[in-house]
Every structure is written in C-alpha cells, then in structure tokens.
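> Structure of the sequence below:
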Amino acid sequence: MEANAEVKREFVIPGDYIGVAEEFLPGNGAYEDNGKIYATLVGNLELDMSRRSANVYSKTNVVPQIKEGDIVYGEVVSVKPQMVYVDLLALEGYTDKKLSANTKARIYVSQTSKQYVKSISTEFRNGDIVRARVVDTKGDAVRLSTAEDSLGVIRAVCSVCKKTLEIKDGKLECSYCSSKETRKTADDYLRAKI
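As a prediction, the model looks like this:
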C-alpha cells in the first residue's frame, strides 16, 4: 500500500454493513450481496480509498480454546423447533483472535431464558449476533445458554427489510419499515462491543 493512501479503519463483526459495490470491491473478509458489501469476519475493517477496496483483518490466527463457563459470540444460522444452531465467531477477551471456521454450537429452548419459552423462534432469528455462555463442550457441537440478563441477542436484523432493529419502549422495531419483532436480547443490546 502506498504511504500516502487514505485508509479508514474500524472494528466490525460478521454481517456489519460496509458499503455499496459501486464504492468498494469486497476483499479479504468481505462479501457482496445485492450490491452491498458486508463483513464476514470479526476484526478490523480497512477501507482503502485509493484502491476502493474493503478488507477485514483479524489481528492473529491463534485459535483460543473454548471451555465451560466462557462467554462467546456467534451468529444464528438455523432455527429449529427446539434449538438454534450458532456459528461461533469469537471468545470474549480474545475478540482479536479468529476461531476456527467450523466451530458449531447450539442453544436449546430450555437454555434460552429464565422464563418459560414456548417457541425458540420468538427468541432468535437467522443472522442474529448473540452473546452466550458455554455450558458444555462435549459432543459434536458446543452447548450454549443465554439465560442470564447480560446474554442473548446483541444485534438483530429485521426479517422484512434486513435493517438493524432498534429498541423502542422495550420492544424491537425497524426504523425503516416499522416492523416489530421479539428476541431474547442482552441487557446491552446494540451497545455491546466485542
């Protein structure tokens, strides 16, 4: 990169909107969907204004070991009647270190909230970014819990228009299309920094 090239940097997580395809080419850690560029990694976004490229870089490739009791961040990738599948993105305290791409986890309906949950589909949707506690690492997938107030969805997108949902009067609402939705949100929804 040229010494005088203008580069903008910020921290991003998967699914974060970066820009439009007319402005940037998706590079490392970024992808294009319907003319918009999104992050695929947890890391530092670098927008190279001279080359018009968007790249996301993890600071290191060291994979931290996940153990029971750890707090992790992940993206909901599938919602089933009694559980959701989550792709793990980062371990709290090690957000600058990339987890292996095949790290899978589950949240069962019984581990969703302190209150009774009839349907897990009212608590999570595909694309939600969650903070959860590891309760079991044995078997083919890590088991997670979001039952604590500080755990749950930290960022959700509208199921209608895919814009980020905001909290208004304790409810999730889309400021773009006015859709109202429910989630098991963390107490610092949209203020969480990973």
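
> Look up the residues forming beta bridges with residue 32.
Note on residue 32: beta-bridge partners residue 37, judged by DSSP bridges.

> show me where pLDDT drops low in the protein?
1-9, 59-64, 96-102, 192-194 (pLDDT under 70).

> can you list the domains in it?
7-57, 71-181 (automatic domain parsing).

> looking at the ones you listed, which is closest to residue 189?
domain 71-181 (5.8 Å; Cβ to Cβ). In this view, the C-beta of every residue, glycine as well, is placed from N, C-alpha and C.

> list the buried ones in stretch 35-54?
Neighbour counts over stretch 35-54 (16 or more other Cβ atoms under 10 Å) mark 37-48, 53-54 as buried.

> For the domains of the chain, could you give me JSON lines that also reports distance to residue 187?
JSON lines is the format used below for the domains of the chain (distance: least, Cβ to Cβ, whole Å):
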{"stretch": "domain 7-57", "distance to residue 187": "19"}
{"stretch": "domain 71-181", "distance to residue 187": "5"}
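
> What is the nearest of the buried residues of stretch 35-54 to residue 73?
Once Cβ to Cβ is applied, the member of the buried residues of stretch 35-54 that ends up nearest residue 73 is residue 42, at 7.3 Å.

> Tell me which stretches of the protein form helices.
Applying DSSP state H to the chain gives no helices.

> For the spatially most central residue of the chain, list each beta-bridge partner.
Nearest to the geometric centre of the chain sits residue 129, at 3.1 Å (Cα atoms, centre = their mean). Under DSSP bridges, the beta-bridge partners of residue 129 are residue 75, residue 155.

> Then residue 44?
With DSSP bridges as the rule, residue 44 is bridged to residue 11, residue 57.

> what about it, distance to residue 56?
Using Cβ to Cβ, to the nearest Å, residue 44 is found at 7 Å from residue 56.

> Give the residues shared as contacts by those two.
Residues touching both residue 44 and residue 56 by Cβ atoms under 8 Å, 6 or more residues apart in numbering: residue 12.

> Contacts made by stretch 74-90 with the rest, please.
So stretch 74-90 is in contact with 13-15, 42, 66, 72-73, 97-99, 103-109, 119-121, 124-130, 132, 141-142, 144, 194, going by Cβ under 8 Å, 6+ apart.

> looking at the domains of the chain, which is closest to residue 190?
domain 71-181 (6.3 Å).

> mind checking the end-to-end distance for the closest one?
End-to-end distance of domain 71-181 (Cα to Cα, to the nearest Å): 25 Å.

> coming back round to it: with respect to residue 188, which of the domains of the chain lies nearest?
Closest among those, using Cβ to Cβ: domain 71-181, at 7.1 Å.

> Now find how far off-centre the closest one is within its chain.
Centroid separation for domain 71-181 versus its chain: 8 Å, with Cα atoms, centre = their mean, to the nearest Å.

> How about stretch 180-194?
Mean-position distance between stretch 180-194 and its chain equals 11 Å (Cα atoms, centre = their mean).

> No more questions from me, cheers.
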